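Engineer: Any chance you can model this:
(2 chains)
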Amino acid sequence: MAKEKDKKLVEAITSMDEDFAQWYTDIVKKVELIDYSSVKGCMIIRPYGYAIWENIQKDLDKRFKETGHENVYMPLFIPESLLRKEAEHVEGFAPEVAWVTHGGSEELTERLCVRPTSETLFCEHFSKIVQSYKDLPKLYNQWCSVVRWEKTTRPFLRTTEFLWQEGHTIHATAEEAEEETIRMLNIYAKHCEEVLAIPVIKGRKTEKEKFAGARATYTIESLMHDGKALQTGTSHFFGDNFAKAFNIRYLDKNGQLQYVYETSWGVTTRLIGAVIMVHGDNNGLKLPPRVAPIQVVIVPIAQHKEGVLEKANELKERLSKIVRVKLDDSDKMPGWKFAEYEMKGVPVRLEVGPKDIEKNQVVLARRDTMEKIVVSMDNLEEEVMKLLDDIHNNMLETARKNRDEHTYVATNMEDFKDIVENKPGFIKAMWCGDRECEDKIKEETGATSRCIPFEQEQLSSTCVCCGKPAKHMVYWGRAY
RNA sequence: CGGGGUGUAGCACAGGUGGUAGUGCGUAUGGUUCGGGACCAUAAGGUCGCAGGUUCAAAUCCUGUCGCCUCGACCA
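Structural biologist: This next block holds a predicted model:
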């Protein structure tokens, strides 16, 4: 009887092998990361989910500031005429913007769009504040939400409104702007590996896949557990494209009017989706220690017995000086708590009961490997810190190994199709650089070009699709 | 925007052929428990997604509509 119940509870999360999409939905709901709202495609980010975002923000914001960026805030609304100033840009975004047509009961003379991204607002502002080469560069960033009226939505991965940061910078020269574009891409990559324990492929997007209005788009791509790729962050080089459309000019040292060179770059709450799908397992979420809202959860055993709660509180006090720690002294059974915090992805569980107190020890259980170790209370701080670092490194390596094991090489279309159908993952293949081949591959296999990686390999000399001489090695895959 | 599924208590669901709503989990209270999702007792909790229609009578039949999930085409 009891066993049947156990089974039922364990099955609360759909197995990822059985139905990955359902597994994902189960996680975001049951772990209480989000709730659905009454507006289609909009999600409520609950405290546990938002705390992950705050930790991501904290780390990224620090990295932005260390590289000289300043935070600003731009308006939510963009007048239609402003959005239309850059042709490619408006063409790319117009189909998915939300329009405000009324103020109160009055119809507006010009409708306003809810920002889908803020390039045009930054450009208009830059054109007003920049006169001289001495005003450059301007390195701005904003944390905000944007709205894109997407047709299908999924929590974190694609929502109608989503939280992000968008950096916008202007520079005197193209070289300087290019450098900035790459610098920020590297910051994203480092954040992913050092904080989220997600290994990424850095590279450039093809013309087909680049951002509307950009000269070049750089991207970090990661591989999810189901073998689908996720564009995890992007950094764009605009050249003087927007500068010309918005007339952003400055006087150089020689008294000549010059256009500025511009970049923009962003990551979103999608990063949380990536964390879920890269690290999670059938027991639930598995959070990398550096973003985990709770890094150590203390579960007292037989907490009604004398001295147990006192000791648990004492350990909590000690640990709270170095990690984010929670003591769960609720009336739930210990076993229930174990399962609960495993589902929530808490990296380390600390068990302390009468037997431990007697022996001056505690039990530490790690979420990544499910191993339990016994450590002395005397050097608890040291052991916990070491364990959290170990967990981070192990999670990063496990993710890297998983990605590498699901990265395949194709040298002809037959192999390419076979891989897409039977072995979900990244496909490395040579490409001639022609749009027709890229289109054909997408049409025939459903896979898109993810990026032209900076780290090139010569897999063969001919294009996987048409057989003409190859120009680049490209990562392909089905993507979110 | 097309295909499929779904909407009944906080959650998961049951309620062919119409008769005024039920089960499990959870919640509250009291007690026994506590090293891997405990048990007993008592109790609270629902305008059956919404709007029309048929009918003496609708969770059930009809029409419309909305939300959500999911698979495609488009996007971070």
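Engineer: Show me which residues of the stretch 251-400 of chain A are close to RNA strand B?
Structural biologist: Counting by C-beta under 7 Å from any atom of the strand, the residues of the stretch 251-400 of chain A lying close to RNA strand B are A:266, A:268-270, A:283, A:301-304, A:331-340, A:342-343, A:351-356, A:363, A:365, A:370, A:372. Every C-beta, even on glycine, is put in place using the N, C-alpha and C of the backbone.
Engineer: what do you get if the cut-off is 6 Å, keeping everything else the same?
Structural biologist: Contact residues, the stretch 251-400 of chain A versus RNA strand B (C-beta under 6 Å from any atom of the strand): A:268, A:270, A:301-304, A:331, A:333-336, A:338-340, A:342-343, A:351, A:353-356, A:363, A:365.
Engineer: in stretch A:166-178, what's buried?
Structural biologist: Within stretch A:166-178, the residues that qualify as buried are A:Glu166, A:Gly167, A:His168, A:Thr169, A:Ile170, A:His171, A:Ala172, A:Ala174, A:Glu176, A:Ala177, A:Glu178, counting by 16 or more other C-beta atoms under 10 Å.
Engineer: end-to-end on it?
Structural biologist: Start and end residues of stretch A:166-178 are separated by 17 Å (C-alpha to C-alpha, to the nearest Å).
Engineer: Any residue of it touching RNA strand B?
Structural biologist: No. Stretch A:166-178 stays clear of RNA strand B (C-beta under 6 Å from any atom of the strand), getting no nearer than 10.1 Å.
Engineer: Quick one: distance of that stretch to the chain centre.
Structural biologist: Chain-centre distance of stretch A:166-178: 23 Å, with C-alpha atoms, centre = their mean, to the nearest Å.
Engineer: thinking again about what came up before, so which of the residues of the stretch 251-400 of chain A next to RNA strand B are in helices?
Structural biologist: Here DSSP state H is the test, and these give A:Arg270, A:Pro334, A:Gly335, A:Trp336, A:Phe338, A:Ala339, A:Glu340, A:Glu342, A:Met343, A:Pro354, A:Lys355, A:Asp356 as lying in helices.
Engineer: Show the buried residues in those residues.
Structural biologist: A:Arg270, A:Phe338, A:Ala339, A:Glu340, A:Glu342, A:Met343, A:Pro354, A:Asp356.
Engineer: which one of the residues you listed sits closest to A:Asp434?
Structural biologist: Distance to A:Asp434 across those (C-beta to C-beta) is lowest for A:Arg270, with 30.2 Å.
Engineer: so the closest one makes contact with A:Arg154?
Structural biologist: No. The criterion here is C-beta atoms under 8 Å, and A:Arg270 misses it with A:Arg154 at 9.9 Å.
Engineer: Run through the neighbouring helices and strands of the longest helix that chain A contains.
Structural biologist: For chain A, the helix reaching the highest residue count under DSSP H is reported as helix A:380-405. Applying 3 or more C-beta pairs under 8 Å, 6 or more residues apart in numbering; DSSP states H and E, one finds that helix A:380-405 makes contact with strand A:216-223, helix A:270-279, helix A:308-319, strand A:348-352, strand A:361-366.
Engineer: got a markdown table for the ones you listed, with mean pLDDT too?
Structural biologist: Shown next, in a markdown table, are those (pLDDT from 0 to 100):
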| stretch | mean pLDDT |
| --- | --- |
| strand A:216-223 | 96 |
| helix A:270-279 | 96 |
| helix A:308-319 | 97 |
| strand A:348-352 | 98 |
| strand A:361-366 | 98 |
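Engineer: Could you work out the most separated pair of the buried ones among the ones in helices among the residues of the stretch 251-400 of chain A next to RNA strand B?
Structural biologist: Every pair of these checked by C-beta to C-beta; the farthest is A:Arg270 and A:Pro354, at 45.8 Å.
Engineer: Find me the pLDDT at the residue of the stretch 351-480 of chain A at minimum distance from RNA strand B, would you?
Structural biologist: Using C-beta to the nearest atom of the strand, the single residue of the stretch 351-480 of chain A nearest to RNA strand B is A:Gly353, 2.7 Å away. We note a pLDDT of 96 for A:Gly353 in this prediction.
Engineer: tell me, how many neighbours does it end up with?
Structural biologist: For A:Gly353, the count of nearby residues is 19 (other C-beta atoms under 10 Å).
Engineer: Surely it is in contact with A:Pro300?
Structural biologist: Yes. Look at A:Gly353 against A:Pro300 with C-beta under 8 Å: they come within range, at 6.9 Å.
Engineer: tell me, what's touching these two both at once?
Structural biologist: Overlap of the contact sets of A:Gly353 and A:Pro300 (by C-beta atoms under 8 Å, 6 or more residues apart in numbering) consists of A:Val308.
Engineer: before we move on, back to that, can you tell me which of the buried residues of stretch A:166-178 end up in strands?
Structural biologist: Judged by DSSP state E, those include A:Glu166, A:Gly167, A:His168, A:Thr169, A:Ile170, A:His171 as members of strands.
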